[in-house]
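have a look at this prediction, sequence included:
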Amino acid sequence: MDINAKIPQGPIESKWTKYKADAKLVSPANRRKIDIIIVGTGLAGASAAASLGEMGYNVKVFCYQDSPRRAHSIAAQGGINAAKNYPNDGDNIFRLFFDTIKGGDYRSREANVYRLAEVSNHIIDQAVAQGVPFAREYGGFLDNRSFGGAQVSRTFYARGQTGQQLLLGAYSALSRQIAAGTVELLTRRDIVDIVLIDGKARGVIARNLITGEIERHAAHTVVLGTGGYGNVFYLSTNAKGSNVTPVWKAYKKGALFANPAFTQIHPTCIPVHGDYQSKLTLMSESLRNDGRIWVPKKEEDVQKLRNKEIRPRDIPEEDRDYYLERRYPAFGNLVPRDVASRAAKERCDAGFGVYTGLAVYLDFKDAIERLGRDNIEKKYGNLFQMYEKIVDENPYETPMMIYPAVHYTMGGLWVDYELMSNIPGLFVIGEANFSDHGANRLGASALMQGLADGYFVLPYTIANYLADEIKIPHFTTDAPEFAEAEKEVKDSISKLMNVNGKRSVDDIHKELGHIMWEHCGMGRTEEGLKEGIQKVKELKKEFWSNVKVPGTAETFNEELIKAGHLADFIELGEVMMQDALNREESCGGHYRMEHQTPEGEALRHDDKFTYVANWKFTGEDSPAELIKEELKFEAVELKTRNYK
Amino acid sequence: MKFTLKIWRQNDAKSKGKFVTYKIDNISSDSSFLEMLDQLNQRLINNDDSISVPGCPVHYDHDCREGICGMCGLYINGRPHGPDKGVTTCQLHMRKFKDGATIVIEPWRAKAFPLIRDLVVDRTALDTIIQAGGYISVKTGSAMEANSTPVPKHLAEKAMDAAACIGCGACVAACPNGSAMLFVGAKVAHMAYLPQGKPEAMRRVQSMVKVMDDCGFGNCSNAYACEYECPKEISVTHIAKMNRDFLQANLMSEKEIA
């Protein structure tokens, strides 16, 4: 099977300009004749729906929540990157591009990442015009702060709620189009299949979550902006409803799944405290601007802390190990997420973890002394409050406890330069695609990518595809392909309802999470992955023979919704581990214990693995097939990352 | 910890609802309120002996579980989002309750929020109000350079205070009149404080207030329960701002507004 990334010719700085100059257009009169389905209303989905509706296409947009404003982009705290260079500290488009490539450990596609950096500034302009209340300085100009993996301040923010404010901006633009009648909104729907006609994506099957009704929706093209698959680990920072189902259905219809093993473990989350716990809460990376991460140097202090015989502040400065500042003096506490997470794991594995043994301190004592409590409160007030509510400790007085947790997935459906998957007419945007973050995403870059894709990339690239579709009239849902897809969906639901086993969905999901965290978490080994694959295969059998879904399929039934998602997560788990097993190197968030430098840093093998690993579905019981896209680096030199 | 839960159960909008009492024990004080309900549901699914009344799991809305998506919202012991101040239901922890306490759990009750099932209500009306004008009409790609319009810091801060609304509907549930004035006021004020929102400010406030009335929300009688119960502690001064703008808009001619 051949895949073509369709990267435009020419030097990196002019590829996007050249693409836009050459791309085909759809005239305003013809846009009215074209139907577009968009799944998901996060930053990518909402911004795409708003932009395409405004251009005059007929857009139908779906979300599983009761309102598009609730998509999980809303939870992003810290900020959004752009190469504005307002602080005059040496930033530019090339540097943002370079930092993103380097942060991703040289496993992303140069041309896509350059374009991302190139459009980043327009996003800030757009958001400000929409009324996003970014933080400002006294002169009325926009303020910036620093994030991991960069030595400039390029992150724009709205207190600790940047994702919320940007999503509300996109949601307001979407609402305007809904009022104008160009976009139809369907809430509380799960997309349970993608329909292909003559090999092209032409619609979806939706399940109305309130009535249980199965619906057919047809269009000229389908766009997936459904987010990431971090909930495969059960415990993650994702929303409870975040799922891989639409993406997985596309995979099973032939779309390639790229780099599934590339998952991001975020270093600053509130540690796990009990079995009943339902999710993990992130503490924004922005806290690493002012917080210092440490563990005790002496083992006896560790024991006393765990037994609550002493408090963290009783430990004198000379007995604290600020291990990030020690190991990475140039970037200090602001190393990229994968590096910070592994360093925390290393200290905890060595026996220096506090609390349950799986936590380190994030301490604001110095910052409070330097800047005053008021200033810290202004910058991080809502985060400190959130921490206090969960942990019942006051972070102004005692250091926060943090530990790494699953946060983001760099892998996703493979897309070409136009953000189209290998299925013609199936576009994938935002976290759901694989394209921009390589093996590790830098902080404040997810918001940038979601909005770049929706506002400034897809509106151009989708037209290039649709220009050849204008002669095709509106599709109806009478085609046999729809009937067949609907029947499959109904059969699969009745199969789930009829298992009638003994274990709840959550119980099996927790087991999947344990397997994934143990075998495909922060440190992976060949042996562990092989064992993990066997365990997931067993769990799949267990699920289909012993899951218990109470109630009926014709009503609002949350257990059934969760069961459908879990069935897909289990299958994904196996492919993730297959990918992790195949990639015999360490890069970014993918750390194979067999491949590390003597100092314990990730060791890449560029001669063998400078490629995107795409997995193709070959049947229920046969292993996925590997299809490679070789990555070529022309604008940057392949180098070992160095944050020292 | 152990609790007696009196939970509103109702199959759908048409059927009749009632309180069902469940006893639950062995709950960690570090559990969140939703995690406590998760555990109740697990025991219901497993037909656990400790659950006196068998049946289907209880339905409640929830998603991000970190207090920002606005999806969760339970009326707990007569208060939206329960007894703790400045938090959503998902951020409420069981340590805020006394061991052995009886907890009454109801859905949001308001004319504009029809019930869907158990504790889940339909808050579409809030989206409908935003669609009536809760936006600044700027086309994708037509924005000017971000720093070309300086925004005084105090206005940016006020706009952000208002924009922090998560659209959960607690203000409506708390209000004796089922009014959405705090929700609408926050959006009107957020945009009216910013220079970018000024050109449409008058039209926006008229249109949003009209649709708010059409959706069946009540009026404001200055009870201030909305501000007190708002998980983001949004101030009623935004209602005052909205009222002022609304009055001003009504004194203007149609030409001036359009």
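Structure's in. What do you need?

which residue does chain B bring closest to chain A?
Nearest residue of chain B to chain A, counting by Cβ to the nearest Cβ: residue B:150, 2.9 Å away. Any C-beta I mention is one placed from the backbone N, CA and C, and that applies to glycine too.

where does that residue land in three-state SS?
Here residue B:150 is coil, with the state taken from DSSP: H, G, I helix; E, B strand; the rest coil.

what is the burial count for the nearest residue to it once chain neighbours are set aside?
Leaving aside its chain neighbours, residue B:150 sits nearest to residue A:140 (2.9 Å; criterion: Cβ to Cβ, 6 or more residues apart in numbering or on different chains). By the criterion of other Cβ atoms under 10 Å in any protein chain shown, residue A:140 has 16 neighbours.

residue A:140 touches residue B:151, doesn't it?
Yes. Using Cβ atoms under 8 Å, residue A:140 is in contact with residue B:151, at 5.2 Å.

so does stretch A:70-88 get close to chain B?
Yes. Stretch A:70-88 reaches chain B (Cβ under 8 Å from any Cβ of the partner chain) through A:70, A:72, A:74, A:75, A:84, A:86.

report the rounded mean pLDDT for that stretch.
Summarised as a single mean, pLDDT over stretch A:70-88 is 96.

that stretch: which residues count as buried?
A:70-86 (16 or more other Cβ atoms under 10 Å in any protein chain shown).

ok, stretch A:586-594 next?
So for stretch A:586-594, counting by 16+ other Cβ under 10 Å, buried means A:586, A:587, A:588, A:589, A:590, A:591, A:592.

state the pLDDT value of the fifth one.
We have a pLDDT of 97 for residue A:590.

ok, the first one next?
Among the per-residue scores, residue A:586 shows a pLDDT of 97.

can you tell me which residues contact it?
Residue A:586 is in contact with A:592, A:595, A:596, A:602, A:603, A:604, counting by Cβ atoms under 8 Å, 6 or more residues apart in numbering or on different chains.

ChimeraX command for the buried members of those?
Entered in ChimeraX, the line below selects the buried ones among these, by 16+ other Cβ under 10 Å:
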select /A:592,595,602,603,604
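
which of the contacts of residue A:586 fall within strands?
Cross-referencing those against strands under DSSP state E gives no overlap.

from the contacts of residue A:586, pick the one nearest residue A:289.
residue A:602 (24.5 Å; Cβ to Cβ).

hmm, the closest one is touching residue A:589, no?
No. Assessed by Cβ under 8 Å, residue A:602 is found out of contact with residue A:589, at 9.2 Å.

shared neighbours of these two, anything?
Counting by Cβ under 8 Å, 6+ apart, the shared contacts of residue A:602 and residue A:589 are residue A:338.

what's residue 132 in contact with, if anything?
Reading this off chain A. Applying Cβ under 8 Å, 6+ apart to residue A:132 gives the contacts A:158, A:165, A:166, A:168, A:169.

should've been chain B
Shown in contact with residue B:132 (Cβ under 8 Å, 6+ apart): A:179, B:207, B:208, B:210, B:211.

again, only this time at 7 Å
Residue B:132 makes contacts with A:179, B:207, B:208, B:211, as judged by Cβ atoms under 7 Å, 6 or more residues apart in numbering or on different chains.

could you do residue A:292 as well?
Per Cβ under 7 Å, 6+ apart, neighbours of residue A:292: A:322, A:333, A:363, A:366.

return the residues of the stretch 501-644 of chain A in contact with chain B.
Residues of the stretch 501-644 of chain A that fall close to chain B, judged by Cβ under 7 Å from any Cβ of the partner chain: A:504, A:506, A:548, A:550, A:551, A:556, A:558, A:559.

list phi and psi for the residue in chain A that chain B sits nearest to.
Residue of chain A nearest chain B, by Cβ to the nearest Cβ: residue A:140 (2.9 Å). When read as degrees, to the nearest 10, the backbone of residue A:140 gives phi 90, psi 0.

for it, give me the pLDDT.
In this model, residue A:140 carries a pLDDT of 98.

could you look up the SS state of the most far-flung residue of chain B relative to its centre?
Distance from the C-alpha centroid of chain B peaks at residue B:49, with 35.9 Å (Cα atoms, centre = their mean). At residue B:49 the chain is in coil, as set by three-state DSSP.

kindly report the residues of the stretch 51-200 of chain A close to chain B.
A:51, A:54, A:65-67, A:69-70, A:72, A:74-75, A:86, A:124-126, A:128-131, A:133, A:136-142, A:158-159, A:161, A:164-165, A:168, A:172-173, A:175-176, A:178-179.

no further queries at this time; thank you.
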